[in-house]
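Chemist: no sequence on this one, just coordinates:
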């Protein structure tokens, strides 16, 4: 009789059986420990009064990561925050996450016992050299962002106290505290600040009509009627430009506004739309009617304003080379009809400081001073007018390129210095930092430039430069080799 052999599995050892059962339970979800929610009490430094709700959330998130022992994640997260927010983190906590301190920070850590409110110390995770290197760079950038708004005579200062914006007469007394530059978080924040403080920023003798909820891309959202000169009231279209806004859309809007103000074929339709907007706001309509002369109605007032050099007031929160370039090139339109004011935000201790450059009362003084303006016609003129950092970077790039090919030409014009070999390859705009326009498709530039900001240019601006182009922003000499290598490749192909 044939024997049937039945194979049986060898009994697993108790240790192995326990391991298998554990893995099985993990897959099925059995024996999982229920999550317990603990009430986390946040220290006072996570809700400083001079910061907003978004900043408070970011500081609380950092504290949560710190409590969980995720020091490297916490450090990376903190490095992405604004300097003014990051500085609220106590020095001892910052060090425990692997962060580095400046000399001043080390002294504060040694002397300051008030900010020692932390969770029990946990072993610091192994420090990532890359994160540490980035943090060191961030600390250097933070030091560079410490500014004193008093150093610029053309800048008009305001301080926010008890929710009200007040003009600073004379120099702002900071009592030895550093003034740190901050940012508007969103465009809405910038708009709210400008509209909410329009009388302080632009003067008491104005009427401001806004339709910021409108979705019409080609009709102005904000009008400012300036009665500071009673005999010659002036109309401004206010266009608020945030640092993240599309330059292409801004160019299209401003160009359309210029046509509406200058071209008689558009003026009637423009006035009709404006009158509708004013009629819909009874309060603003009454304010305008109160300023009418005898035998004058609002329609006639607006017609007179159109005849008295109406302008577009571009209010922005950052420096933009392209916008300055548009005014310099299109003199009869952008040059004559567009005026710019830059609004900046700072913190000094518990004070919120704002600056406007230039002051609204001075925006037409620039027109008068243009006749006596020093024209930058030589390379030396450009280098004298820019920052030392920009000057050193430019010289470093120039030296490297000439060493590789001494036939390259550097041609200085009024608003730029071009790099040329058979044709223009790049354009240096030297100021506090360098904006380098390169005659190379943006897609190709992004493949080669990894450590510098790259800004897209609208099709109209690329047409002005006579080909596919984009802008590389150079703020310091770190990783400058990648820019030099890109230019060398462009020169080799020319």
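Modeler: Right, received. Where do you want to start? As the structure is a prediction and not an experimental result, all values here were calculated from the model.
Chemist: Would you map the helices across the stretch 301-450 of the chain?
Modeler: Secondary structure of the stretch 301-450 of the chain (DSSP state H, counting those that start in this stretch): helices at 321-329, 336-337, 365-369, 379-385, 388-404, 442-448.
Chemist: And the first one, what does it pack against?
Modeler: On a contact count with 3 or more C-beta pairs under 8 Å, 6 or more residues apart in numbering; DSSP states H and E, helix 321-329 meets helix 247-262, strand 338-348, helix 459-464. For the C-beta atoms, the positions are set from N, CA and C on the backbone; glycine is no exception.
Chemist: List the buried residues for the helix or strand that comes right after the longest one?
Modeler: Right, the one you point to is helix 247-262. Once helix 247-262 ends, the next helix or strand along the chain (criterion: DSSP states H and E) is helix 264-279. Across helix 264-279, burial judged by 16 or more other C-beta atoms under 10 Å covers 267, 270-271, 274, 277-278.
Chemist: From those, pick the one nearest residue 243.
Modeler: residue 277 (27.8 Å; C-beta to C-beta).
Chemist: right, and that closest one touches residue 212 too?
Modeler: No - Residue 277 is beyond contact range of residue 212, at 11.6 Å (criterion: C-beta atoms under 8 Å).
Chemist: Give me the common contacts of these two.
Modeler: Overlap of the contact sets of residue 277 and residue 212 (by C-beta atoms under 8 Å, 6 or more residues apart in numbering) is empty.
Chemist: follow-up on the earlier one: looking at the helices of the stretch 301-450 of the chain, which is nearest to residue 99?
Modeler: helix 388-404 (25.0 Å).
Chemist: same for the closest one, what does it pack against?
Modeler: So helix 388-404, by 3+ C-beta pairs under 8 Å, 6+ apart, packs with strand 423-430, strand 434-438, helix 481-493.
Chemist: what's the angle between it and strand 423-430?
Modeler: Computed with axes from the mean of the first three to the mean of the last three C-alpha atoms, to 10 degrees, the direction of helix 388-404 lies at 160 degrees from that of strand 423-430.
Chemist: tell me the mean pLDDT over helix 388-404?
Modeler: Summarised as a single mean, pLDDT over helix 388-404 is 94.
Chemist: okay, the helices and strands packed on helix 321-329, which one's buried deepest?
Modeler: strand 338-348 (a mean of 20; mean count of other C-beta atoms under 10 Å).
Chemist: ok, it: who's next to it in the sheet?
Modeler: Sheet pairing of strand 338-348 (DSSP bridges) gives strand 180-182 (antiparallel), strand 311-316 (parallel), strand 351-357 (antiparallel).
Chemist: in the stretch 151-300 of the chain, which spans are helices?
Modeler: Going by DSSP H, counting those that start in this stretch, the stretch 151-300 of the chain shows helices at 187-196, 198-202, 247-262, 264-279, 282-289, 298-307.
Chemist: coming back round to it: out of the helices of the stretch 301-450 of the chain, which comes closest to residue 484?
Modeler: Going by C-beta to C-beta, the one of these nearest residue 484 is helix 388-404, 4.8 Å.
Chemist: Need the residues that contact the closest one.
Modeler: Taking C-beta under 8 Å, 6+ apart as the rule, helix 388-404 contacts 383, 386, 408, 410, 417, 419, 428, 430-434, 474-477, 480, 483-484, 487-488, 491.
Chemist: switch to 10 Å and redo it
Modeler: Here helix 388-404 makes contact (C-beta atoms under 10 Å, 6 or more residues apart in numbering) with 144, 379, 382-387, 408, 410, 417, 419, 421, 425-426, 428-436, 474-477, 480-481, 483-485, 487-488, 491-492.
Chemist: Buried only: go through the residues you listed for me.
Modeler: Buried by 16+ other C-beta under 10 Å: 379, 382-383, 386, 408, 410, 417, 419, 421, 425-426, 428-430, 433-436, 474, 476, 480, 483-484, 487, 491, out of the contacts of helix 388-404.
Chemist: Tabulate the helices of the stretch 151-300 of the chain (a markdown table), appending mean pLDDT and distance to residue 43.
Modeler: Output for those, formatted as a markdown table (pLDDT from 0 to 100; distance: least, C-beta to C-beta, whole Å):
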| stretch | mean pLDDT | distance to residue 43 |
| --- | --- | --- |
| helix 187-196 | 90 | 26 |
| helix 198-202 | 91 | 36 |
| helix 247-262 | 86 | 43 |
| helix 264-279 | 86 | 49 |
| helix 282-289 | 90 | 46 |
| helix 298-307 | 87 | 55 |
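Chemist: Save those as JSON lines, and put in distance to residue 464 too.
Modeler: Listed next are the helices of the stretch 151-300 of the chain as JSON lines, based on distance: least, C-beta to C-beta, whole Å:
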{"stretch": "helix 187-196", "distance to residue 464": "26"}
{"stretch": "helix 198-202", "distance to residue 464": "32"}
{"stretch": "helix 247-262", "distance to residue 464": "11"}
{"stretch": "helix 264-279", "distance to residue 464": "24"}
{"stretch": "helix 282-289", "distance to residue 464": "39"}
{"stretch": "helix 298-307", "distance to residue 464": "29"}
